[in-house]
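Trainee: turn this into a model:
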Amino acid sequence: MTTPIHAAGLQDRSNRDLLIFHPAGSFFAIAAIIAIALPGVWWLQLEESRLTHARLGIFGFGGVAVSGYLLTAQKAWTARNAPIPALVLGALALGSRVTAFWFPGRIWVTLLGSLGIAFAILWPVVRAGRWDKLPVAAVPLALAAAEVALVGQFISAAVLPGAMVILILLVGGRVVPAFIAEDRRRSGHIARNLPWRWPSLGLFGSSFFLDGCLERSS
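Mentor: This next block holds a predicted model:
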């Protein structure tokens, strides 16, 4: 016999959207596909294999995964859905990476998709007035600018892996507490603001500076 509580739980599960309609589902699936396909880029006879690999690895796998986390976190921060449906955002992410593969030396077509994703993350944060979350929410916009700089040869691809590690530490340091706060809120508990954990970012940034100094002195 089904109890009222059990029936309510079954009804709640039946009303949930499929994961593919959630930003985490589409974005993490795309990031996983890129990660699996990425090593095969070196086997292809491409004119700009290094640039293609950097654009797919750093801004494809890394950027898409970070954007998936932020699209999930912004709902916890603002209680607002993204202004663009998850499947459309996933299509923008996938389309921008496909164009980056076929046209590694061009940026504008790819940039349209990247800016659409950045807008979907930033706009709910701005509308909700969560200015404390704005620096982290602006990370996809910064990634789009970095990709423009890479294609335009204003920055070297050598600095991107370390910069992506710092971004992952930064985003993870803010997104995970957002998930915990949202879970506590839904459970009827008071959400607690967790303090920043800066040492890892400070040490990693210092290692970049010291490595550059040692390289110049040697």
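Trainee: can you pull the contacts of Leu150?
Mentor: Under the criterion of Cβ atoms under 8 Å, 6 or more residues apart in numbering, the neighbours of Leu150 are Leu51, Ala54, Arg55, Ala157, Leu160. Yep, even glycine has a C-beta here, placed from its N, CA and C like the rest.
Trainee: ok, 10 Å please
Mentor: Neighbouring residues of Leu150 by Cβ atoms under 10 Å, 6 or more residues apart in numbering: Leu51, Ala54, Arg55, Ile58, Phe59, Pro104, Ile107, Ser156, Ala157, Val159, Leu160.
Trainee: nearest spatial neighbour of the second one, chain-adjacent residues omitted?
Mentor: In other words, Ala54. Using Cβ to Cβ, 6 or more residues apart in numbering and skipping the chain neighbours, the partner closest in space to Ala54 is Ala157 (4.4 Å).
Trainee: test my guess that that neighbour contacts Pro104.
Mentor: No - using Cβ atoms under 10 Å, Ala157 and Pro104 do not qualify as a contacting pair, with a distance of 11.4 Å.
Trainee: what about Ala149, how many residues nearby?
Mentor: Counted with other Cβ atoms under 10 Å, residues neighbouring Ala149 total 14.
Trainee: how about it, secondary structure?
Mentor: helix (DSSP: H, G, I helix; E, B strand; the rest coil).
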